[in-house]
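[1] predicted model and sequence below, questions to follow.
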Amino acid sequence: MTTIPFNRPSIVGDEFRYISEALAQGHISGGGPFAARCQALLEQQLGVPRVLLTTSCTHALELAALLLDVREGDEVIVPSFTFVSTITAFVLRGAQPRFIDIRPDTLNLDETLLERAITPRTRVILPVHYAGVGCEMDVILDTATRHGISVVEDNAHGLFGAYRGRPLGTFGCLAAQSFHETKNINCGEGGALLINDPRLAERAEIIREKGTNRSRFFRGLVDKYTWVDIGSSYVPSDILAAYLYAQLEARERIQTTRRRLWDYYLRHLRDWAAARNVVLPSVPAHCEQAYHMFYLLLPSVDQRQALIAHLRENGVMSVFHYQPLHLSEMGQRLGGKEGDCPMTEAVSDRLLRLPFYNDLTEADQERVVGAVTKFRG
Ligand SMILES: Cc1ncc(COP(=O)(O)O)c(C=O)c1O
């Protein structure tokens, strides 16, 4: 019996051809022709004024924190239920996280808790569109605007999802994408910064290029390039951009496939879940999800662990997800304690993700569903 992995990257189109082209063109460092094509495609598809590819979503978030001049003493509001990178990029600049809890339905930041988390030091709110389902951006933007706070979306899961018809990643002044191997569209390791506030675009280019005005030089706007600001090295190789461009070109096929996979799990697990008090993902009517993952919320941590073990015995790999950040070693050093985010604490113990990748066949899904529904826990 072959094992069905939790994730497997798949070749979806012209990846090999484009990588060969990049090699033949002799431009394999950053900022090459394929990066330009990826950025233009994303700008046009999402309606974002400027997109810059980065080496990861983590680096796009670091770039955002640098761009917004986040510094010692600033506070940033972040859901406790997220990946470390959402907050570590800001803690790196000296910011203090204010962890807030999540909604029970979408597992996104609970926007009703925002007002009481805001202090005169709050600089940034970091909504994370968990599983590619939009946060309540109307309330988040309204609250942020009233208090003069910036919004940076962590859209690692949400490319091509939408909230009230508007693409995720277009709400904050900045948004971060991930093209990590586990994402719908990927290049192994990669990311992008979506710059919705055009005033931030020029400095973003400088910071991404080690603090130099190299991009202006290549556009012929200055006759030599030099060190002009702080910065780092966040530019991915054009070999990766070539791979990514092939994936981006296949976006409609990828999203259609993932929608089919997601709908299959829902259709075949709905009755089983209802009979056993297992909660399936919930997508509000005004959200168009990105079909990034399919998860189950088991009634208890023991049942979740037992189901993971049962699936493994049946050749199906499933995984849990984020541990509450406020209870992590670092989170506790920064002041987090048990009981701060009860929903996060309850959910992270009970969540299990099923295999979900572009090449997953219907026969594989049948095996996954068969194994899940055999579970008597
Ligand atoms: C919500 C979220 N943000 C950021 C990241 C980091 O992405 P990357 O690996 O591209 O740095 C992840 C990783 O999966 C994530 O789930």
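    Okay, I see it. Residues are numbered from 1 along each chain as shown.
[2] contact residues of the chain facing the ligand?
    56-58, 82-83, 85-86, 128, 154, 156, 178, 180, 191 (C-beta under 6 Å from any ligand atom). No exception for glycine: its C-beta is placed from N, CA and C like everyone else's.
[3] cutoff 5 Å now
    Within the chain, the positions adjacent to the ligand are 56, 57, 58, 83, 85, 128, 154, 156, 178, 180, 191 by C-beta under 5 Å from any ligand atom.
[4] residues contacting the third one?
    So that's residue 58. By C-beta atoms under 8 Å, 6 or more residues apart in numbering, residue 58 lies in contact with 85, 88, 89, 191.
[5] hey, where'd the helices end up in this structure?
    Assignment of helices within the chain using DSSP state H yields the ranges 15-25, 33-46, 57-67, 84-91, 114-117, 137-147, 201-208, 214-218, 238-249, 251-275, 301-313, 329-333, 342-348, 362-374.
[6] by neighbour count, which of the residues of the chain next to the ligand wins?
    Of all these, residue 154 has the most neighbours under the rule other C-beta atoms under 10 Å, reaching 31 neighbours.
[7] how about the contacts made by it?
    57, 61, 82, 83, 85, 86, 126, 127, 128, 129, 175, 176.
[8] how many residues are close by the closest residue to residue 129 other than its chain neighbours?
    Spatial nearest neighbour of residue 129, chain neighbours left out: residue 158 (3.7 Å); criterion: C-beta to C-beta, 6 or more residues apart in numbering. Close neighbours of residue 158, defined as other C-beta under 10 Å, add up to 31.
[9] do the same with residue 151
    Residue 151: 22 surrounding residues under other C-beta under 10 Å.
[10] okay if I get the helices of the chain as a markdown table plus mean pLDDT?
    What follows is the helices of the chain, written out as a markdown table (pLDDT from 0 to 100):
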| stretch | mean pLDDT |
| --- | --- |
| helix 15-25 | 97 |
| helix 33-46 | 98 |
| helix 57-67 | 98 |
| helix 84-91 | 98 |
| helix 114-117 | 98 |
| helix 137-147 | 98 |
| helix 201-208 | 97 |
| helix 214-218 | 86 |
| helix 238-249 | 98 |
| helix 251-275 | 98 |
| helix 301-313 | 97 |
| helix 329-333 | 98 |
| helix 342-348 | 97 |
| helix 362-374 | 98 |
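[11] turn these into TSV, including distance to residue 107.
    Formatted as TSV, the helices of the chain follow (distance: least, C-beta to C-beta, whole Å):
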stretch	distance to residue 107
helix 15-25	32
helix 33-46	24
helix 57-67	18
helix 84-91	14
helix 114-117	16
helix 137-147	15
helix 201-208	30
helix 214-218	38
helix 238-249	26
helix 251-275	16
helix 301-313	15
helix 329-333	18
helix 342-348	6
helix 362-374	20
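[12] those: which one's closest to residue 167?
    The closest of these to residue 167 is helix 33-46. By C-beta to C-beta, the value is 4.7 Å.
[13] give the buried residues for the closest one.
    Buried residues in helix 33-46, counted by 16 or more other C-beta atoms under 10 Å: 33, 34, 35, 37, 38, 39, 41, 42, 46.
[14] excluding its backbone neighbours, what's nearest the third one?
    Counting by C-beta to C-beta, 6+ apart, the nearest residue to residue 35 once its immediate chain neighbours are dropped is residue 241, at 4.1 Å.
[15] residue 160: what's it in contact with?
    45, 167, 184, 251, 255, 290.
[16] which of those has the most neighbours?
    Ranked by neighbour count (other C-beta under 10 Å), these have residue 290 at the top, with 27 neighbours.
[17] wait, it sits on residue 130?
    No. Using C-beta atoms under 8 Å, residue 290 is not in contact with residue 130; the gap is 10.5 Å.
[18] now for the two: what residues contact both?
    residue 157.
[19] hmm, back to that, the contacts of residue 58: which two are farthest apart?
    Between any two of those, the greatest separation by C-beta to C-beta is 14.3 Å, found for 88 and 191.
[20] contacts for stretch 12-30?
    So stretch 12-30 is in contact with 32-34, 53, 235-239, 241-243, 245-247, 249-250, 253-254, 358, going by C-beta under 8 Å, 6+ apart.
[21] please pick the buried ones from those residues.
    Using 16+ other C-beta under 10 Å as the burial test, the contacts of stretch 12-30 include 32-34, 53, 235-239, 241-243, 245-247, 249-250, 254, 358 as buried.
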